[in-house]
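Enquirer: just the structure for this:
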Amino acid sequence: MLNLARLTGFVALMLLAGCETIHYDYHPPVSDQGRLCVTQCGGIKEICKGNEIQRAQSEKEICERSNASNYRVCMRNAKNKDQEKSCDSQKKHCWASESYYACEADYRRCYVDCGGSIREYKK
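Expert: Purely as a prediction, here's the structure:
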């Protein structure tokens, strides 16, 4: 159910956005310290993305384990071949997607905090 809610939210967001996409021009800080800071921001962003990949994989694995468990229970309780066939049709499609939106937003905030600037424009 959570995946359906995410998918619905994503579709709604895409419809609201239409064909317009947001692009960013990054202008790095001038100081060595600021550039080092931005490098650290990049590392934090990569960790965030790795965590998001793990979250999505975990969500999918939980769904798959739940499917397998529900299937075993269904098959144990099936009284005939028709009921066994219905067990197959009760399986959900397990799908999870990574969302890097928060990682990217945090990176942009960190980038600016380090002394860089970002120009946002829509195409």
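
Enquirer: ok, and what's touching stretch 116-123?
Expert: By Cβ atoms under 8 Å, 6 or more residues apart in numbering, the list of residues contacting stretch 116-123 from outside reads 20-29, 34, 38, 108, 111-112. Heads up, the C-betas are built off the backbone N, CA and C, glycines and all.

Enquirer: give me the subset of these lying in strands.
Expert: The strands, defined by DSSP state E, take in 22-27 from the contacts of stretch 116-123.

Enquirer: show me which of the contacts of stretch 116-123 is closest to Asp88.
Expert: Thr21 (40.8 Å; Cβ to Cβ).

Enquirer: and for the closest one, the neighbour number?
Expert: 9 (other Cβ atoms under 10 Å).

Enquirer: next one: the closest residue to it other than its chain neighbours relative to Tyr24, how far apart?
Expert: Of all residues not flanking Thr21 in the chain, Lys123 sits nearest, at 5.5 Å (Cβ to Cβ, 6 or more residues apart in numbering). Distance, Lys123 to Tyr24, by Cβ to Cβ, to the nearest Å: 11 Å.

Enquirer: who has more neighbours, those two?
Expert: Tyr24 (11 against 7).

Enquirer: what's the helix or strand for the residue lying closest to that one once chain neighbours are set aside?
Expert: Distances taken as Cβ to Cβ, 6+ apart put Ile118 closest to Tyr24, at 5.3 Å, once the chain neighbours are dropped. Assigned by DSSP states H and E, Ile118 belongs to strand 117-122.
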